[in-house]
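Enquirer: Have a look; sequence and predicted model below, questions after that.
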Amino acid sequence: MPHYLRNAKVLALVGLLAVGIIVGVAHNKARDHGASFLPEDAVRVVMKPFQVLVSRTSGLFEGLARSLRSRSAVQSENERLRTEVRQLNAEVMRLREQAAEAGRLRAMLGLKEQSSEALLAARMISRDPSEWFATGTIDRGRSSGIRPGQAAITQRGLVGQIFEASPTTSQVQGITDHESGIGAMVQRSRAVGICKGQDSDLLHLTYLAKDADITPGDIIITSGQGGVLPKGIPVGRVVKVQMESGGFMKSAEVRPSVRFDQVEEVFVVLRGVG
Amino acid sequence: MQRYLLPVGMLVLAAALQGNLPAWLVLKGARPDLPLVVLIATALSLDPLSGAALGFIAGLIHGSIVGASLGSFIVSRTIIGFAAGSVTIRLFSENPVVPVLSAGGLTLLGEVIFLLANPVPSLAASLKIILAKSLYNSLLTLVVYWILRWIEVRRKIKMAAARL
């Protein structure tokens, strides 16, 4: 046995790493089968109240930061007016926030009424916890009927797909995530392809036929192929078209309809998948 | 056991904050890794094994809220926790240079281990992000480390006073 392996601390570290690898493999297996993973579910159940609390508090702090920035503009005014302006600013901010939220919810309600699918409203309580993945957490889980594979949308278009669901929360994989790939089509010409995330602000629409009719400005929607995602959800707008190397296929850069980092509420399309 | 309650509580809070970081905290695509900062700052005052155990928990928490690559999070954080605990044995950790350099170096190490297991499309862009993140974490670790030390010293003073 090598000398360093006789060291009890190193042995314990190796043991912990082995457990970590086993946990990782078990997690991947559970994920591949669309099953839940108990340690992860337990952590998420514990984390949810903290995430909800921080999500709500951070909104307040952002409002406060905006208020502090606006204060420099009224420094020349007297103390009474400054106090009044601050109070009014705070009131206006609160009302604006409420109006914006009401607008979003109204638009989403419209979407829900128009949609033939069963939709479940959820709030995004955590977003992009690592720069290597475009993922987020919503405050609804398996107990609300959410299953892996279901689509998360807003009134603007597709946000992403549910890829894990614990009892009270679910993980959404944004369409910009480099592991994301969805069936898509050009709304005008019906040319089909695969829209892949590439960890940037743009999506890569590939596997288009070399004679596909596609031009910048075209709207890309979900193709519905595979039966997982509903057909016709807006994905984004084409900004650039190019021929792939070899000249056998076309591809395009697509700006997503929805910015994942700005999503606050989503609807989950409750289809029987996963 | 009580000794680990504060670090674990801070890890939970840091992970909740990590998912709600304001956009202005993101510099050149890099954002501070708060669970990692708390792990390094805490493990610097622990022994290597406790550091590794805390790293395991940190990886489990962070990996669970990301929802992907759970094993990579656990393995990289366990190694970081062990290494941070070892720094205390070899170096005088009261020196402010120790937490700063440790955080920078350990973030770099952890992210390289993580990316080995999870290759990304653009390595050059990722390296830039990792370097910026290491620098970011270094500065934050200094702050968190001294806050934790202050809490620990106050706790010890209270315990000593209670004994007297």
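Expert: Here it is on my side, so go on.
Enquirer: List the beta-bridge partners for A:M249.
Expert: On the basis of DSSP bridges, A:M249 takes part in beta bridges with A:A209.
Enquirer: residues in contact with it?
Expert: A:206-210, A:243 (C-beta atoms under 8 Å, 6 or more residues apart in numbering or on different chains). Using the backbone N, CA and C atoms, a C-beta is placed for each residue, glycine as well.
Enquirer: can you name the two of the residues you listed that are farthest apart?
Expert: A:Y207 and A:M243 (13.1 Å; C-beta to C-beta).
Enquirer: more neighbours, those two?
Expert: Between A:Y207 and A:M243, counted using other C-beta atoms under 10 Å in any protein chain shown, A:Y207 has the larger neighbour count: 17 against 12.
Enquirer: for the lowest-mean-pLDDT helix or strand in chain B, packing partners?
Expert: Across the helices and strands of chain B, mean confidence by mean pLDDT, DSSP states H and E is lowest for helix B:123-163: a mean of 84. Other elements packing on helix B:123-163 under the criterion 3 or more C-beta pairs under 8 Å, 6 or more residues apart in numbering or on different chains; DSSP states H and E are helix B:2-18, helix B:34-43, helix B:97-117.
Enquirer: Swap in 7 Å and give it another go.
Expert: helix B:34-43, helix B:97-117 (3 or more C-beta pairs under 7 Å, 6 or more residues apart in numbering or on different chains; DSSP states H and E).
Enquirer: buried stuff in the last one?
Expert: Neighbour counts over helix B:97-117 (16 or more other C-beta atoms under 10 Å in any protein chain shown) mark B:98-100, B:102-108, B:110-111, B:113-115 as buried.
Enquirer: swap in stretch B:15-27?
Expert: B:15-21, B:26.
Enquirer: What about chain A: which of the residues you listed touch it?
Expert: Counting by C-beta under 7 Å from any C-beta of the partner chain, B:15-20 from those sit close to chain A.
Enquirer: Contacts for stretch A:263-272, please.
Expert: A:104-105, A:108, A:111-112, A:117-124, A:138, A:140, A:145-146, A:150-154, A:159, A:162, A:230 (C-beta atoms under 7 Å, 6 or more residues apart in numbering or on different chains).
Enquirer: Where does pLDDT dip in the stretch 51-200 of chain A?
Expert: A:62-63, A:65-77, A:108, A:110-116 (pLDDT under 70).
Enquirer: Give me every residue in it lying close to chain B.
Expert: Residues of the stretch 51-200 of chain A lying near chain B (C-beta under 7 Å from any C-beta): A:51, A:54-55, A:58, A:62, A:126-127, A:129-133, A:135, A:137, A:163-164, A:171, A:178, A:198-199.
Enquirer: In helices, which of the residues you listed fall?
Expert: A:51, A:54-55, A:58, A:62 (DSSP state H).
Enquirer: Tell me which residues touch the closest residue to chain A within chain B, please.
Expert: Chain A sits closest to B:G71 of chain B, with a gap of 1.3 Å, by C-beta to the nearest C-beta. Shown in contact with B:G71 (C-beta under 7 Å, 6+ apart): A:20-21, A:23-25, A:27.
Enquirer: Identify the residue nearest the geometric centre of chain A.
Expert: A:G174 (3.9 Å; C-alpha atoms, centre = their mean).
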